[in-house]
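# next input, structure requested:
(one chain, ligands or ions: 1)
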Amino acid sequence: MQYKGSCHCGQIAFEVEGSLGEALECNCSHCSRKGYLLWFVPATQFTLNTPEAPLSTYTFNRHVIKHRFCPTCGCAPFANGTDRSGAETVAVNVRCLEDLDLSSLKRVPVDGRSF
Ligand SMILES: [Zn+2]
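Numbering: from 1, shown residues only. Have a look, this model is predicted:
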């Protein structure tokens, strides 16, 4: 299934291909503040349809994950990282996907606070 996502002002828009059934809800200091509900997909399933240039990037802790956000409207629709095998991965904030019934998703708690 193909999902469309964007920030609020539309400066960032993207598409994700995959089967979305559950989202990770992490309790770490960063995810809890932003209210992320994350879906990890291989970068090959993610297409950014808008220019890379306006995206702002936030990193913390080990600085291995690039948390991208829109400098205009403040939405944080995805993050770039790598999985254990070194493959590029995108963590999509499913709150920024269009036409998605959040209540239909299984929420999987992640105890990131303890990592
Ligand atoms: Zn925006």
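# mind listing what's buried along stretch 100-109?
L100, L105 (16 or more other Cβ atoms under 10 Å). The C-beta positions use only the backbone N, C-alpha and C, and glycine is treated the same way.
# in contact with the residue lying closest to A43 once chain neighbours are set aside, which residues?
Spatially, and ignoring its direct neighbours in sequence, A43 is nearest to E88 (3.7 Å; Cβ to Cβ, 6 or more residues apart in numbering). Under the criterion of Cβ atoms under 8 Å, 6 or more residues apart in numbering, the neighbours of E88 are P42, A43, T44, N80, G81, T82.
# repeat for A87
Here A87 is in contact with P42, A43 (Cβ under 8 Å, 6+ apart).
# before we move on, what about N80?
A43, I65, K66, R68, E88, T89, V90, A91.
# just the buried ones from these?
Buried, going by 16+ other Cβ under 10 Å: I65, K66, R68, T89, V90, A91, out of the contacts of N80.
# mind checking pLDDT for the residue lying closest to the fifth one once chain neighbours are set aside?
In this case it means V90. In this structure, V90 finds its nearest non-sequential neighbour in F46, 4.2 Å apart by Cβ to Cβ, 6+ apart. Per-residue confidence at F46 stands at 98 (pLDDT).
# please apply the same query to the one 3 residues further on.
N49 is assigned a pLDDT of 97 by the prediction.
# quick check: nearest residue in space to it, chain neighbours excluded?
A13 (4.7 Å).
# so who does that neighbour touch?
A13 touches K4, G5, S6, C7, L48, N49, T50, counting by Cβ under 8 Å, 6+ apart.
# distance check, it against the ion.
Distance check for A13 against the ion: by Cβ to the ion, to the nearest Å, it reads 9 Å.
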